[in-house]
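K.L.:
This is a predicted model, with the sequence first.
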Amino acid sequence: MTGEEARQAFLLWLGAERRASPLTVEAYGADIAGFLGFLTLHRGAEPDLAALADLTTADVRSWLAAEAGEGKQNPTRARHLSAVKTFYRYLARRHGVENTALKLISGPRAKPPIPKALTPIQARDVTDGVAEESDAPLTQARDTALFTLLYGCGLRIAEALSLNLRDAPLPGGAGMLRVIGKGSKERIVPVLPAVRNAVAAWLRYHPLRDDPDAPLFLGARGKRLNPAIAQKTMRDYRRHNGLPEHATPHALRHSFATHLLSGGADLRSIQELLGHASLSTTQRYTSVDTEKLMEVWRAAHPRAADGR
């Protein structure tokens, strides 16, 4: 049996027995055809089952390197490798083709996405204007306090909504906020006067302000505010004000870090403020800053457009 005949049999099995969708079958077929085509050129002959069983780790790495040379990104190459591994599992079960080389190859790692921040003006406008999404003074004060806190302290939405009244940063206080982040890791972040003032304005409306164990941010039913409500508020605001799709509550945290970096803050300090376990996670923000620098360079340098 040739490799192409095995591929056709695999696709029939995938559609008939595994009941995969036609689009899935088509995608697997294309991915495996590309792999078999590479082997034909690489080894000088169309592979049969014996050749597929004889596949080496060097063959697999050569194929992945060739794909990289064609400009295929890591997520695409990882998907192709996954399809080939599925094909080989089928060959092992149905045709006795055993091969250990593929088990020794891990898929190319996808680069973590670059955080998408708002501009300083956009972030400031969110905190100043998000109250316009409601006609109720209580909701206006709550949303202003919440979004000002997210941007001013770089909190995750879950961290902000887990705060209780006893945690509330207020004018005249210590100016610091204790935050419990991922993995129950505690960190201390400084709180700007604008944040303290916004929280104080919200507490004047808070129906449970005398209970230190009450949630800092309440929903309409008097329970802890649901993150989906905050996300909807931001969605409505960005639609009404022409902000990009990446303008989410979490984008305010990205904006906090990006704007600190642009202002000269060092990565280690930003790592502590964000509560990142690894500095490599914080280093993603240097990519954002570099991209911005390149945009300015391309727009401003007189020789940027002519490539010389």
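P.N.:
Okay, I see it.

K.L.:
contacts for stretch 145-152?
P.N.:
By Cβ atoms under 8 Å, 6 or more residues apart in numbering, the surrounding residues in contact with stretch 145-152 are 123, 126-127, 130, 155, 157, 160-161, 191-192, 194-195, 198-199, 201-202, 217, 225, 230, 234, 249, 252-253, 255-256. C-betas here are computed from N, CA, C, even on glycine.

K.L.:
which residues does Asp125 contact?
P.N.:
Counting by Cβ under 8 Å, 6+ apart, Asp125 makes contact with Asn241.

K.L.:
Wasn't it part of a strand?
P.N.:
No - assessed by DSSP: H, G, I helix; E, B strand; the rest coil, Asp125 does not belong to a strand; its assignment is helix.

K.L.:
I'd like to know how many residues surround Leu23.
P.N.:
By the other Cβ atoms under 10 Å criterion, the neighbourhood of Leu23 contains 8 residues.

K.L.:
Burial check on Val84, number of neighbours?
P.N.:
Per other Cβ under 10 Å, the neighbour tally for Val84 reads 22.

K.L.:
Within the helices and strands, which one has it?
P.N.:
Counting by DSSP states H and E, the element that carries Val84 is helix 74-95.

K.L.:
One more: Lys72?
P.N.:
When elements are assigned from DSSP H and E, Lys72 belongs to no helix and no strand.

K.L.:
So, low pLDDT: which residues of the stretch 1-150 of the chain?
P.N.:
Within the stretch 1-150 of the chain, the stretches with pLDDT under 70 are 110-113.

K.L.:
just the helices in it please.
P.N.:
3-16, 22-43, 49-53, 57-69, 74-95, 120-129, 137-153 (DSSP state H, counting those that start in this stretch).

K.L.:
quick one: Leu12 and Leu36, what's the gap?
P.N.:
In this view, Leu12 and Leu36 are 16 Å apart by Cβ to Cβ, to the nearest Å.

K.L.:
rewinding a little: which strands and helices lie in contact with the helix holding Val84?
P.N.:
Helix 74-95 makes packing contacts with helix 3-16, helix 22-43, helix 49-53, helix 57-69 when contacts are defined by 3 or more Cβ pairs under 8 Å, 6 or more residues apart in numbering; DSSP states H and E.

K.L.:
pull the CA atoms of the first one into CSV?
P.N.:
Pointing back at helix 3-16 there. Only the C-alpha atoms of helix 3-16 are listed here, as CSV (Å, rounded to 0.1, in the frame of the first residue of the first chain):
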residue,chain,number,x,y,z
GLY,A,3,1.3,6.4,1.3
GLU,A,4,-1.4,8.0,-0.8
GLU,A,5,-3.6,4.9,-0.6
ALA,A,6,-3.1,4.8,3.1
ARG,A,7,-4.1,8.5,3.3
GLN,A,8,-7.3,7.9,1.3
ALA,A,9,-8.2,4.9,3.6
PHE,A,10,-7.5,7.1,6.7
LEU,A,11,-9.8,9.9,5.4
LEU,A,12,-12.6,7.4,4.7
TRP,A,13,-12.2,6.0,8.3
LEU,A,14,-12.1,9.6,9.7
GLY,A,15,-15.4,10.5,8.0
ALA,A,16,-17.3,7.2,8.3
